[in-house]
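*Asks:* Make a model of this:
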Amino acid sequence: MDEPADVRVGRGQRLVEACREDLDLYSVSELEERLEILAAERERVSAQIDKKRSGRAAADALFAPRAG
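*Replies:* Sure thing, here's the model as predicted:
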């Protein structure tokens, strides 16, 4: 008998699930650690946004019509 295939988790699904967790189950120190992790993730996402914007700006400058 075949075992069921692993269900693939959609992009961002784990983040959505984490946001729905019952925080009453966590201690203060666990909540503080969670905030530290979230702050680090925010910085990582912001850096990726900046990187993508820079790449887009460089591409726009390269392929922009030239005056004259």
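*Asks:* hey, let's count contacts and neighbours off CA atoms from now on
*Replies:* Fine.
*Asks:* Look at the most centrally placed residue in the chain and tell me its secondary structure.
*Replies:* Residue closest to the average C-alpha location in the chain (Cα atoms, centre = their mean): V45, at 5.5 Å. Put simply, V45 is helix when judged by DSSP: H, G, I helix; E, B strand; the rest coil.
*Asks:* mind listing what it touches?
*Replies:* By Cα atoms under 8 Å, 6 or more residues apart in numbering, the contact set of V45 is empty.
*Asks:* Distance check, it against V28.
*Replies:* Distance, V45 to V28, by Cα to Cα, to the nearest Å: 26 Å.
*Asks:* R8 now?
*Replies:* R8 sits at a distance of 33 Å from V28 (criterion: Cα to Cα).
*Asks:* if you count what's nearby, which of those two comes out ahead?
*Replies:* The neighbour comparison of R8 against V28 (other Cα atoms under 10 Å) goes to V28, with 11 against 6.
*Asks:* And the helices in this protein, which stretches?
*Replies:* Ranges of helices in the chain, per DSSP state H, are 13-19, 28-63.
*Asks:* Determine how far the longest one lies from the middle of the whole chain.
*Replies:* Right, helix 28-63. 8 Å (Cα atoms, centre = their mean, to the nearest Å).
*Asks:* Let me know the average pLDDT across that helix.
*Replies:* Averaging pLDDT along helix 28-63 gives 95.
*Asks:* same thing with stretch 14-21?
*Replies:* According to the model, stretch 14-21 has a mean pLDDT of 94.
*Asks:* Alpha carbons only: can I get it in CSV?
*Replies:* Only the C-alpha atoms of stretch 14-21 are listed here, as CSV (Å, rounded to 0.1, in the frame of the first residue of the first chain):
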residue,chain,number,x,y,z
ARG,A,14,3.5,28.8,8.1
LEU,A,15,3.6,32.5,8.9
VAL,A,16,-0.2,32.6,8.7
GLU,A,17,-0.4,29.7,11.1
ALA,A,18,2.1,31.2,13.5
CYS,A,19,0.0,34.4,13.6
ARG,A,20,-3.1,32.4,14.6
GLU,A,21,-1.4,30.6,17.5
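*Asks:* Next, the buried residues of it.
*Replies:* Within stretch 14-21, no residue counts as buried by 16 or more other Cα atoms under 10 Å.
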